Every structure is written in C-alpha cells, then in structure tokens.
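> Predicted model follows, preceded by the sequence.
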Amino acid sequence: MTPHDTSSLLVNIELSRKGFRLQVDLTLPGQGITVIYGVSGSGKTSLLRCVAGLEHPDHAKIVIGDEVWQDSGKQLFVPTHKRLLGYVFQEASLFEHLNVHDNLQFGLKRRQTPQSSSLLDTAITLLGIGHLLQRHPAGLSGGERQRVAIARALACGPRILLLDEPMSALDQARRDEVMPWLEKLRDQLKLPMLYVTHSANELQRLADHVVALEHGRVIASGPIHDVLGNAEPALIAGNDAGSVLIGHVASLHTEWQMARITLGPADFWVSQSSLTVGQEVRLLVLARDVSITQGKPEHTSIQNHLPCEVVSVSPDTQPSQLLVQLRCNDITLTARITQRAQAMLGLQPGQPVWAQVKSVALVK
Ligand SMILES: Nc1ncnc2c1ncn2[C@@H]1O[C@H](COP(=O)(O)OP(=O)(O)OP(=O)(O)O)[C@@H](O)[C@H]1O
C-alpha cells in the first residue's frame with residue numbers, strides 16, 4: 001500500500017518530565033507490527049507522541065526510512081502535520097453528525113493527493129467496512145468504529161501507523177472481532193506499525209517485534225519469538241506467561257483434523273482445518289499448558305513431548321507457582337509449575353528433563 005522507503009526506523013529519544021524520564025535508542029523493522037509493551041506509566045504513549053512530533057524531547061533523532069523527521073543535533077523538527085503518519089487512539093474520534101463515508105473523506109481533506117481515492121478504497125476493503133459507509137457512528141459497534149478509525153488513518157498513505165491501545169476501550173467480544181483485522185493488516189501491509197498495549201494476549205498474537213518498556217527504559221527489544229523466550233525474568237508472568245514459536249506446516253492429517261508443525265528440533269501437533277503444507281505459522285504455547293517429567297513420557301494422551309534442559313527457575317506472580325524456562329536447541333518454552341512440584345522434582349539449571357505440551361494455539 002505504501003511506495004515509500006521504510007527499510008528501518010530509527011527512534012532515539014530523551015524526554016524528561018518531573019519524576020519521569022524516557023530514554024530509548026531503537027532501530028526497528030520497517031514493516032510489520034512493533035508492539036510497545038509495558039505497564040501503565042512506563043512511557044509507551046510518550047514514545048508514540050514523540051514519534052508523532054507531539055512532544056518536544058530534550059534530544060531526539062527520528063528517521064523513518066529515508067526521511068528525517070527530527071534531529072535535535074541539527075535543529076531539525078518536522079511538525080506533526082507534515083509527518084505522513086496515521087494515528088489511532090483508544091477511542092475512535094469519529095464525527096457523529098457525518099456518516100462513515102464522510103468521516104473517511106474528512107480525514108483526507110488536508111492530504112488530498114492523486115492516489116487518495118485508490119488508497120481510501122484499499123483501506124475500506126482491507127478493513128471490510130464497505131457495507132458501513134452510509135451508517136452514522138452511533139449505529140456502529142465499538143469494533144466497527146475502530147475499524148473505520150484505522151481505515152481513516154490508512155487512507156492518507158502513511159509512512160507509519162501509530163496505534164495507541166486501539167482495543168483497550170472494547171469488551172472481550174469486540175476485541176476478538178477486531179483482532180483478525182489487525183492480523184490481516186500486519187500480514188498484508190508493507191507498512192511499519194507501532195502498537196502500544198499492556199495486554200499480553202495482544203502482544204503474543206500481533207507482535208512481529210517487541211519493545212518492552214519499564215520506567216521509561218527499554219528492558220527488551222527484538223523479534224517476538226526471541227523476546228518471549230529469552231527475557232529474564234520472563235516478560236509475562238502469571239496466567240498469560242508463554243512462548244511464541246515460529247514453525248512451518250510439515251504435513252496435514254485430515255483423518256484427525258490435525259497438522260504437524262515442525263520447528264527444527266521438535267514437531268508439534270495442532271488442531272487445524274485450513275493450513276497448507278509449507279506455510280509459516282505462529283504458535284502460542286502457554287506456560288500453564290506445559291508440564292515437566294524427568295523421564296521420557298510414555299502411555300500419555302498428550303501428543304507433544306520434547307527433550308529439554310532447564311534454563312532457570314523463577315518466581316511467578318502467584319506465590320504458589322514458579323516459572324521454569326526450558327530450552328530445546330533454539331526453542332525456549334516456559335512451564336508454570338507449583339512450588340510443591342518443584343519441591344518434589346528439585347529442578348536445577350542445566351538439568352535434562354522432558355516437556356509435555358498439552359495444548360498449542362495457532363495464532364497466525
Ligand atoms: N502531559 C504530561 N505531563 C506530565 N507528565 C506526564 C504527561 N503525560 C504523561 N506523563 C507522565 O509520564 C509518564 C509516562 O506516561 P505515559 O502516558 O507515556 O505512560 P504509558 O506507559 O503510556 O501509560 P498508560 O498505559 O497508563 O497510558 C507517567 O509518569 C505519566 O504520569
């Protein structure tokens with residue numbers, strides 16, 4: 001959708017406020033979703049606002065592909081209205097007196113180019129909102145409003161899309177409805193997106209790349225499958241703890257409605273109905289679905305077993321639980337076990353064990 005060069009993004013910012021300092025120096029991929037992840041107050045929105053030119057940091061260098069938006073060393077500051085970006089907020093700020101079509105057109109007024117109408121058509125198709133064009137915002141669900149807001153942000157042909165917790169105002173059913181559209185954007189657009197969230201599920205499902213912030217500092221940055229496996233302590237604890245793994249469909253078994261996914265050293269079996277052999281897939285293995293045995297599991301209904309080595313044992317958010325990081329070649333899994341199980345197994349770093357994976361979710 002974009003003809004621009006956005007081979008990579010450089011985001012170098014130092015922003016000081018009373019009691020808060022944001023300090024980041026990042027080189028990010030020029031396409032796909034980079035999730036900015038962290039608890040409330042860690043600086044996620046401030047980072048997005050700096051990229052948009054809505055803040056005046058003490059120091060900043062922001063380069064989007066071949067375009068320098070800010071370089072305080074050279075006194076260069078491109079104002080927000082000249083930065084070709086799309087910004088999606090928590091709540092879609094649509095004009096209630098205009099229908100969807102006119103809301104989309106209004107967004108284009110300032111940035112009319114010869115390509116505008118085809119960009120708008122593409123955005124309408126991508127977000128599946130063609131049938132909503134004559135409706136007014138009051139007649140849309142929260143999820144539909146957000147899809148319109150995203151289409152409006154895309155219609156100007158931005159070099160980058162900034163999304164600030166776009167699903168946080170939606171209930172779970174609406175989030176489930178919007179999620180596939182966001183996955184589609186990620187997979188079809190050659191456009192970098194910075195996506196702010198504190199939701200572990202959105203991180204696991206949407207991120208290609210992760211930047212984890214804590215007190216304004218980057219505590220982890222890298223591809224999702226690296227960061228969710230290697231952060232110490234685990235970036236996500238509690239019920240949502242888990243690994244994201246990238247594999248390929250090795251074979252389909254229609255008699256069982258299952259597919260065998262290969263990840264190099266290991267195979268996983270997943271329930272499936274619409275995969276093709278060779279396809280790349282993203283698997284989410286939640287720590288609560290991984291158990292540990294000292295010998296090779298036999299006579300078990302669980303289909304996925306792999307030999308691993310214990311990397312670390314660390315506390316979880318619940319005092320009765322522990323998180324055990326396991327490695328099998330370059331695959332990292334996390335198992336969530338009870339303190340009582342650890343007292344019986346006495347797991348130590350370096351110890352060989354078997355991981356049993358009860359359930360694997362396909363998230364792509
Ligand atoms: N306009 C402002 N003036 C002064 N301080 C601010 C302003 N906006 C944010 N802050 C402070 O800067 C810090 C980072 O805020 P920021 O909104 O970037 O965090 P966040 O991670 O996006 O949080 P949330 O998830 O709650 O939106 C916080 O301590 C916040 O109180």
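Nice, I can see it.

> Can you list the low-confidence ranges for the protein?
In the predicted model of the chain, residues 1-6, 110-116, 230-233, 364 satisfy pLDDT under 70.

> So which residues of it form helices?
44-52, 100-108, 116-127, 142-154, 172-188, 200-206, 224-230, 339-345 (DSSP state H).

> hmm, what's the outermost residue in the chain?
Distance from the C-alpha centroid of the chain, by CA atoms, centre = their mean, peaks at residue 299 (37.6 Å).

> residue in the stretch 101-250 of the chain nearest to the ligand?
Taking CB to the nearest ligand atom, the ligand has its nearest neighbour within the stretch 101-250 of the chain at residue 198, 5.5 Å off. No exception for glycine: its C-beta is placed from N, CA and C like everyone else's.

> Okay, the nearest residue to that residue once chain neighbours are set aside and residue 208: tell me how far apart.
Setting aside the residues directly before and after it, residue 198 is nearest to residue 39 in space (CB to CB, 6 or more residues apart in numbering), at 6.0 Å. Between residue 39 and residue 208 the computed distance is 22 Å (CB to CB, to the nearest Å).

> Who has more neighbours out of those two?
Ranked by neighbour count (other CB atoms under 10 Å), residue 39 and residue 208 place residue 208 first, with 19 against 11.

> wait, isn't that one in contact with residue 183?
No: contact between residue 208 and residue 183 fails when scored by CB atoms under 8 Å: they sit 11.0 Å apart.

> what sits against the spatially most central residue of the chain?
In the chain, the C-alpha nearest the mean C-alpha coordinate belongs to residue 207, at 2.3 Å (CA atoms, centre = their mean). Counting by CB atoms under 8 Å, 6 or more residues apart in numbering, residue 207 touches 33, 34, 35, 37, 195, 224, 244.

> so of those residues, which ones are in strands?
Within the contacts of residue 207, residues falling in strands by DSSP state E are 33, 34, 35, 37, 195, 244.

> touching the ligand at all, stretch 19-31?
Yes: for stretch 19-31, a contact with the ligand is found by CB under 6 Å from any ligand atom, at residue 20.

> about what we covered before: gap between the residue nearest to residue 198 and residue 171?
Residue 39 is 22 Å from residue 171, by CB to CB.

> burial of residue 185, as a residue count?
Counted with other CB under 10 Å, residue 185 comes out at 21.

> Apart from its chain neighbours, what residue comes closest to it?
Counting by CB to CB, 6+ apart, the residue nearest residue 185 is residue 126, at 6.5 Å.

> So the one you found sits against residue 184, correct?
Yes: between residue 126 and residue 184 there is a contact at 6.8 Å, judged by CB under 8 Å.

> Settle it for me: which of those two has more neighbours?
When neighbours are counted by other CB under 10 Å, residue 126 and residue 184 differ, and residue 126 comes out ahead with 18 against 13.

> The protein against the ligand: which residues are in contact?
17, 20, 38, 40, 41, 42, 43, 44, 45, 46, 198.

> which residues touch the second one?
Under the criterion of CB under 8 Å, 6+ apart, the contact list for residue 20 reads 41, 43, 46, 216.

> Over to the last one?
With CB under 8 Å, 6+ apart as the criterion, the residues that contact residue 198 are 37, 38, 39, 40, 44, 165.

> Give the buried subset of these as a ChimeraX selection command.
A single ChimeraX command is used to select the members of the contacts of residue 198 judged buried by 16 or more other CB atoms under 10 Å:
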select :37,38,44,165
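
> just the contacts of residue 198 now: which is nearest residue 342?
residue 39 (27.1 Å; CB to CB).

> backbone phi and psi for the closest one, please?
phi -70, psi 170 (degrees, to the nearest 10).

> Residue 129: how many residues sit nearby?
So residue 129, with other CB under 10 Å, has 22 neighbours.

> Might one say that it is in contact with residue 100?
Yes: between residue 129 and residue 100 there is a contact at 6.6 Å, judged by CB under 8 Å.

> Which neighbours do these two have in common?
residue 148.

> residue ranges of the strands in the stretch 151-300 of the chain, please?
160-164, 192-197, 209-214, 217-223, 242-253, 258-262, 267-271, 280-286, 290-293 (DSSP state E, counting those that start in this stretch).

> Using CSV, please lay out these together with mean neighbour count.
What follows is the strands of the stretch 151-300 of the chain, written out as CSV (neighbours: other CB atoms under 10 Å):
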stretch, mean neighbour count
strand 160-164, 24
strand 192-197, 24
strand 209-214, 22
strand 217-223, 16
strand 242-253, 19
strand 258-262, 20
strand 267-271, 17
strand 280-286, 20
strand 290-293, 20
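
> Domain boundaries for this protein, per the record?
What the record gives for the chain is the domain set 8-231, 240-362, from automatic domain parsing.

> Tell me which residues touch residue 214, please.
38, 39, 42.

> Let me know the distance separating the second one from residue 122.
When CB to CB is the yardstick, residue 39 and residue 122 sit 36 Å from each other.

> wait, which of the contacts of residue 20 is closest to the ligand?
For the contacts of residue 20, with the ligand as the reference and CB to the nearest ligand atom as the criterion, the closest is residue 46, at 3.3 Å.

> wait, the closest one sits on residue 15?
Yes: judged on CB under 8 Å, residue 46 makes contact with residue 15 at a distance of 6.1 Å.

> Can you pull the residues that touch both of the two?
22, 55, 216.

> can you put these in TSV and add neighbour count?
Listed next are the shared contacts of residue 46 and residue 15 as TSV, based on neighbours: other CB under 10 Å:
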residue	neighbour count
22	24
55	17
216	22
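
> got a list of what the residue lying closest to residue 286 once chain neighbours are set aside touches?
Counting by CB to CB, 6+ apart, residue 242 is the residue found nearest to residue 286 once chain neighbours are left out, at 3.9 Å. By CB under 8 Å, 6+ apart, the contact list for residue 242 reads 204, 228, 236, 284, 285, 286, 287, 288, 289, 334.
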